[in-house]
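[1] sequence plus the predicted model coming up.
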Amino acid sequence: MAAATLTGSRAKTTIPMGGTGPGGDMKVAWGTAEVDASSEDGDIFEVCWVPAGATVIGGLIYSEDGDTGIEALDIDIGWAANGVDAADPNGLGDLGTWTGDASKTAPTGNVFHLSGVLQADGPKTFTVNTKIQLETNTAAATGVAITVTVLVFYLFNA
């Protein structure tokens with residue numbers, strides 16, 4: 001099967017964009033992706049938008065365990081090309097292999113903090129509306145369908 005781009009319900013252009021409001025008030029863009037057991041290298045899951053002027057300061061990713069047995073599933077988070085910024089599939093996190101093993105932060109499943117440019121350079125400002133997306137790098141060894149929820153925290157620069 002060829003790699004595919006799948007658009008989550010909150011990444012569609014018909015969904016109202018997150019608010020801008022007073023500068024300094026934190027906003028949250030969010031969305032979910034249904035990653036099926038046959039996700040493969042190059043699959044893109046569009047999850048949500050951040051509005052023009054948004055400065056991304058952090059965020060979280062929550063998911064179920066998508067790889068039973070030997071872990072191989074590797075999905076990163078970044079943004080699509082927006083006419084100003086080039087696409088960066090791991091700009092908000094090169095997350096490595098998703099183990100789904102129980103830990104202090106999650107009984108089973110995965111919890112990730114956004115990182116990437118945020119960790120290397122500090123907050124990332126987008127001057128135009130920008131789509132946030134996940135991209136599969138390595139398929140699961142023994143995949144199961146999972147729901148992935150993405151929260152993107154941002155401030156609006158007035």
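    Nice, I can see it.

[2] for the protein, give me the ranges with low pLDDT.
    1-2, 4, 6, 8-12, 14-23, 102-106, 157-158 (pLDDT under 70).

[3] which residues in it form helices?
    Per DSSP state H, the chain carries helices over the ranges 117-121.

[4] which parts of it are strands?
    5-7, 27-35, 44-50, 54-63, 74-79, 88-93, 110-113, 124-125, 130-138, 146-156 (DSSP state E).

[5] let's have those strands in CSV, adding distance to Asp101 and mean neighbour count.
    Where you see a C-beta, it was placed from the backbone N, CA and C, and this is true even at glycine. Below are the strands of the chain laid out as CSV (distance: least, C-beta to C-beta, whole Å; neighbours: other C-beta atoms under 10 Å):
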stretch, distance to Asp101, mean neighbour count
strand 5-7, 26, 15
strand 27-35, 18, 20
strand 44-50, 22, 24
strand 54-63, 13, 20
strand 74-79, 15, 23
strand 88-93, 19, 21
strand 110-113, 9, 18
strand 124-125, 30, 18
strand 130-138, 17, 23
strand 146-156, 14, 21
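
[6] and of those strands, who's closest to Gly100?
    Between Gly100 and the strands of the chain, the tightest spacing by C-beta to C-beta is seen for strand 110-113, at 5.8 Å.

[7] chain center to that closest one: distance?
    Between the centre of strand 110-113 and the centre of its chain there are 11 Å (C-alpha atoms, centre = their mean, to the nearest Å).

[8] can you check stretch 46-64 too?
    With C-alpha atoms, centre = their mean as the basis, stretch 46-64 stands 7 Å off its chain's centre.

[9] would you mind measuring the gap between the ends of it?
    Start-to-end span of stretch 46-64 (C-alpha to C-alpha, to the nearest Å) is 18 Å.

[10] who does Val111 bridge with?
    Beta-bridge partners for Val111, by DSSP bridges, are Tyr62.

[11] doesn't Leu60 make contact with it?
    Yes: in this structure Val111 lies within contact range of Leu60 using C-beta atoms under 8 Å: 6.6 Å.

[12] show me what contacts the closest residue to Val148 other than its chain neighbours?
    Counting by C-beta to C-beta, 6 or more residues apart in numbering, Val148 lies nearest to Ser63, which is 4.3 Å off, once chain neighbours are set aside. Residues near Ser63 by C-beta atoms under 8 Å, 6 or more residues apart in numbering: 35, 98, 100, 109-110, 146-149.

[13] ditto for Asn137
    Counting by C-beta under 8 Å, 6+ apart, Asn137 touches 41, 74-76.
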